[in-house]
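1. I would like to see how this sequence folds:
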Amino acid sequence: MKIQKTLTIADVVQDHVVIHFVPAHIRNQSDVERVAAEIDEVADSYAFKMMVLNFSRVKSMTSAFLGKIVRLNNALKARKIALRACSMNGAVEECFKLVKLQKLVPLFKSEKEAIR
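-> Numbers count the residues shown, from 1 in each chain. From the prediction side, this is the model:
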């Protein structure tokens with residue numbers, strides 16, 4: 001099932017959900033808050049065992065968004081839901097690794113690999 005929100009698109013499939021980001025740049029605080037709220041809404045509305053954040057459209061993001069990913073990971077972990085990330089371009093992956101976020105949220109080259 002595909003769920004279109006303002007800044008995200010969620011693909012809910014059996015035991016997992018894949019979040020696609022609509023904007024190429026998640027830089028201003030209102031977008032960060034809106035994206036986080038949309039992801040939280042999906043997480044609270046459906047039963048699944050894994051969430052994959054697909055960054056294929058994202059070219060840049062703010063450190064505040066990285067903080068939201070940490071918060072999301074903690075909330076999902078408390079519910080025994082795995083969080084993964086995939087399809088990052090070089091600049092986004094560099095930001096992720098700069099703050100060592102890949103230690104909390106595993107990175108995968110493709111969505112297909114992340115879902116396995």
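
2. where's stretch 73-81 relative to the chain centroid, distance-wise?
-> 13 Å (C-alpha atoms, centre = their mean, to the nearest Å).

3. Give me the contacts around that stretch.
-> For stretch 73-81, contacts defined as C-beta atoms under 8 Å, 6 or more residues apart in numbering pick out 40, 43, 48-51, 82-83, 104-105. The C-beta positions use only the backbone N, C-alpha and C, and glycine is treated the same way.

4. residues near the nearest residue to T8 once chain neighbours are set aside, how many?
-> For T8, ignoring the flanking residues on the chain, the nearest one in space by C-beta to C-beta, 6 or more residues apart in numbering is E38 at 4.5 Å. Burial of E38, expressed as a neighbour count using other C-beta atoms under 10 Å, amounts to 20.

5. Quick check, pLDDT for E38.
-> The per-residue pLDDT reported for E38 equals 97.

6. Likewise for Q14?
-> At Q14 the predicted local distance difference test score is 88.
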